[in-house]
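>>> coords please:
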Amino acid sequence: MRGHVRRRGYKYCFVIDIGRDPQTGKRKQMWSKGFDEEGDAEKAMIKAIYEMNQGIFVESNKITFGEFLCRWLEDYAQINCAPKTFEFYELVIQKHIIPSMGKLLLTQLKPMHIQNYYSKKLTNGRLDGKGGLSARSVHHHHRLLHEVLEHAVKWQLIFNNPVKATIPPKPKKKRVNALTKEQVLTVLQLAGKLWCYPIIFFALNTGMRRGEILGLRWKDVDLEKRTISISYSLQRVKKKGLQLRPATKTEGSRRSLAISNSVVDMLKKVQTHQASNKLQVGEFYQDNGFVFSMSCGKPIDPHRVSKEFRHLVKKSDGIPYMSFHDLRHCHATLLLQQGEHPKVVSERLGHSTITLTMDTYSHVLPNMQKEAADKLDKFLFED
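Now for the predicted structure:
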């Protein structure tokens, strides 16, 4: 298999002879796109000839965007992404991106096509046909498209990432739901007789994510030192059921957390209750070592906890609508209101940076600044 570099206008391209058509006998050639430098065209030609000889060459000017997306899911995302992340990527790609832009050739995909995709999704992008997606959802699509096409550039299928020339919708800043001290006490009182009370109590006092709480095992808990080690998360994965996965949501997800005496007391009660369940269930008890488990020892489905909490909030007077995840926000907000340093709060939440914490809970900071100014004023000018 031979090839050579040619100059076409102000660019350099290469052409490779790939034999003759067995039916027509005509000569078959493959032409590349243009390169700015002759040396770059020469290197690309050598690589293409090698890959053709090895049977791994993909002619980028013939692969559709949809075909590339499917290949990216299979060859990269399925291997390198967490199951829940892959599940989300697969949904967006199969249900949204491919039906909209999948038939375009990968090399013909332009910023204009992607910008038009954002516009259509904002107007009529819901899968149930009830209007458009939120700016936040479309922004998630934008980030996915950017990552996918960055790989296309790295794999030398395209020269530039067209997403970089688009303007995604700006998501509205989401104000977190947080309860007052009185509302927190009301929630705990109402939840007191529910099976999930220890989980709700634990979430309010630690700020841990739902999956982190349900994935916590006794070997990760030190009641004497009042610390817990967070390294796993329990997740429900499509077609695979419940799975215990490493906590990798952010760089700070794996962390050690100090717990209060009230949490220690609650955990001791949970231990006693589990010991009673083991005696009642006997040989059928499945001891997986989870701190929070069903009466038979099996792990608790995260969706079940969220559903129970929604039901609790719905029937509670004076409690605004909130999700189980909002208990995490309550923990952070109450700590900040008590004057705790944002760095400490960031570490407890497992945020990747303190900037994320400051941005998320900026609504709490103005009052804290006023209090700080008043404290200094009192220190300097009041006896």
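>>> and the residue nearest to residue 33 when sequence neighbours are not counted, bridged to which residues?
Excluding the flanking residues, the one nearest residue 33 by CB to CB, 6 or more residues apart in numbering is residue 13, at 6.6 Å. Quick note: C-beta positions are derived from backbone N, CA and C, even for glycine. For residue 13, the beta-bridge assignment (DSSP bridges) gives partners residue 6.
>>> Number the chain from 57, please
Renumbered: residue one is now 57, and that last one reads residue 69.
>>> Could I get the contacting residues of the residue nearest to the spatial centre of the chain?
Nearest residue to the geometric centre of the chain (CA atoms, centre = their mean): residue 141, 5.6 Å. By CB atoms under 8 Å, 6 or more residues apart in numbering, the contact set of residue 141 is residue 133.
>>> Residue 344 now?
Taking CB under 8 Å, 6+ apart as the test, what residue 344 contacts is 273, 353, 354, 355.
>>> what pLDDT does it get?
Note for residue 344: predicted pLDDT of 92.
>>> does residue 285 sit in a helix, a strand or a coil?
Three-state call for residue 285 (DSSP: H, G, I helix; E, B strand; the rest coil): strand.
>>> For it, grab the count of nearby residues.
A count of nearby residues for residue 285, using other CB atoms under 10 Å, gives 15.
>>> Might you list the low-confidence residue ranges for the stretch 157-306 of the chain?
304-306 (pLDDT under 70).
>>> show me where it has helices.
With DSSP state H, counting those that start in this stretch, the ranges of helices along the stretch 157-306 of the chain come out as 167-180, 191-210, 237-247, 253-262, 266-270.
>>> Tabulate those (CSV), appending mean neighbour count and distance to residue 330.
Shown next, in CSV, are these (neighbours: other CB atoms under 10 Å; distance: least, CB to CB, whole Å):
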stretch, mean neighbour count, distance to residue 330
helix 167-180, 16, 47
helix 191-210, 17, 39
helix 237-247, 15, 19
helix 253-262, 20, 11
helix 266-270, 23, 14
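>>> Switch these over to JSON lines; also include distance to residue 321.
Listed next are these as JSON lines, based on distance: least, CB to CB, whole Å:
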{"stretch": "helix 167-180", "distance to residue 321": "50"}
{"stretch": "helix 191-210", "distance to residue 321": "40"}
{"stretch": "helix 237-247", "distance to residue 321": "14"}
{"stretch": "helix 253-262", "distance to residue 321": "10"}
{"stretch": "helix 266-270", "distance to residue 321": "17"}
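>>> right, and the ones you listed - which one's nearest residue 159?
helix 167-180 (10.9 Å; CB to CB).
>>> Put the alpha carbons of the closest one into CSV.
This file holds the C-alpha atoms of helix 167-180, laid out as CSV (Å, rounded to 0.1, in the frame of the first residue of the first chain):
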residue,chain,number,x,y,z
PRO,A,167,-21.0,24.6,15.4
MET,A,168,-24.2,25.7,13.6
HIS,A,169,-25.6,22.2,13.9
ILE,A,170,-24.9,22.0,17.6
GLN,A,171,-26.2,25.5,18.4
ASN,A,172,-29.4,24.6,16.6
TYR,A,173,-29.6,21.5,18.7
TYR,A,174,-29.4,23.5,21.9
SER,A,175,-32.2,25.8,20.6
LYS,A,176,-34.5,22.9,19.7
LYS,A,177,-33.9,21.2,23.0
LEU,A,178,-34.8,24.3,25.0
THR,A,179,-38.0,24.7,22.9
ASN,A,180,-39.2,21.1,22.6
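>>> Quick one: residues in contact with that helix.
152-153, 156-157, 160, 187-189, 191, 193-194, 197-198, 201, 218-219, 221-225.
>>> If we use 6 Å, what do you get?
Helix 167-180 is contacted from outside by 156, 157, 188, 189, 194, 218, 219, 221, 222, using CB atoms under 6 Å, 6 or more residues apart in numbering.
>>> so what pLDDT did the residue nearest to residue 89 get?
86.
>>> same question, the one 10 residues further on
According to the predicted model, the pLDDT of residue 79 comes to 67.
>>> Residue 112 now?
53.
>>> of the helices of the stretch 157-306 of the chain, which approaches residue 405 most closely?
The closest approach between residue 405 and any of the helices of the stretch 157-306 of the chain, judged by CB to CB, belongs to helix 253-262 at 9.6 Å.
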